[in-house]
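> No sequence on hand, only this structure:
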């Protein structure tokens, strides 16, 4: 990642009272609108099938929606467009770190999230002082073929305790796993298939997910020091 001489520490994107929370990944503004309408406050737009004007229009529409709902929107990959649109933040994969201009992102005031899958990638990302690290896959996942083993709850808990920035857990997480992941210290929980967004009871399921996150985050916040349970 291109870095400059200016010491960087990307802006925070959460507080103890307002964690990143449920963190859906979508590829269209219309899905973002549905999620914002149902109370989602953090979201990533990840578009792989559009280019040029169509891509920019879709990203711009999602940014406007996020501003309307005062939500934290991270644009995946397209960091130059994110700067142009004045987006809240950018999410980059490990491969993007070689080409993105960190200083331009920092000077534009954007938040930065970085994907990591193992200790080596975490060490690579930490000097950038991003706003959060995404770590995964926590469990096996069908949404994306990866060449990385599952992290598991014990490693997730260890990194949450030892890292100086918030962690977003991703990979194979649905309603059944959500509570344990939050009690392992995840500040945000990324979901795609676990959202069940377009099912008949999608809104009810989303409300259940948000309630499950809130209950477990509250319990985790009040835990005695160094006590973590996954039951």
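That came in fine, so what should we check first? Source: prediction; values computed, not measured. Residues are numbered from 1 along each chain as shown.
> for residue 41, what are its contacts?
18, 21, 69, 70, 71, 72 (C-beta atoms under 8 Å, 6 or more residues apart in numbering). Every residue, glycine included, has its C-beta placed from N, CA and C.
> Same check on residue 216?
Residue 216 makes contact with 178, 179, 182, 183 under the criterion C-beta under 8 Å, 6+ apart.
> Contacts only, for the third one.
Spelled out, it's residue 182. If you count contacts by C-beta under 8 Å, 6+ apart, then residue 182 has 189, 212, 213, 216, 217, 220 around it.
> For residue 39, state which of those is nearest.
The closest of those to residue 39 turns out to be residue 213 (C-beta to C-beta; 11.0 Å).
> my hunch is that residue 16 is in a helix, does that hold up?
No - secondary structure of residue 16 (DSSP: H, G, I helix; E, B strand; the rest coil): coil, not part of a helix.
> tell me the strands in this protein, going along the chain?
21-26, 42-45, 72-76, 89-92, 111-116, 132-135, 167-169, 188-191 (DSSP state E).
> want to try JSON lines for these, with mean neighbour count and distance to residue 57 as columns?
Formatted as JSON lines, the strands of the chain follow (neighbours: other C-beta atoms under 10 Å; distance: least, C-beta to C-beta, whole Å):
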{"stretch": "strand 21-26", "mean neighbour count": "23", "distance to residue 57": "16"}
{"stretch": "strand 42-45", "mean neighbour count": "26", "distance to residue 57": "12"}
{"stretch": "strand 72-76", "mean neighbour count": "25", "distance to residue 57": "13"}
{"stretch": "strand 89-92", "mean neighbour count": "27", "distance to residue 57": "18"}
{"stretch": "strand 111-116", "mean neighbour count": "24", "distance to residue 57": "23"}
{"stretch": "strand 132-135", "mean neighbour count": "26", "distance to residue 57": "26"}
{"stretch": "strand 167-169", "mean neighbour count": "27", "distance to residue 57": "27"}
{"stretch": "strand 188-191", "mean neighbour count": "26", "distance to residue 57": "25"}
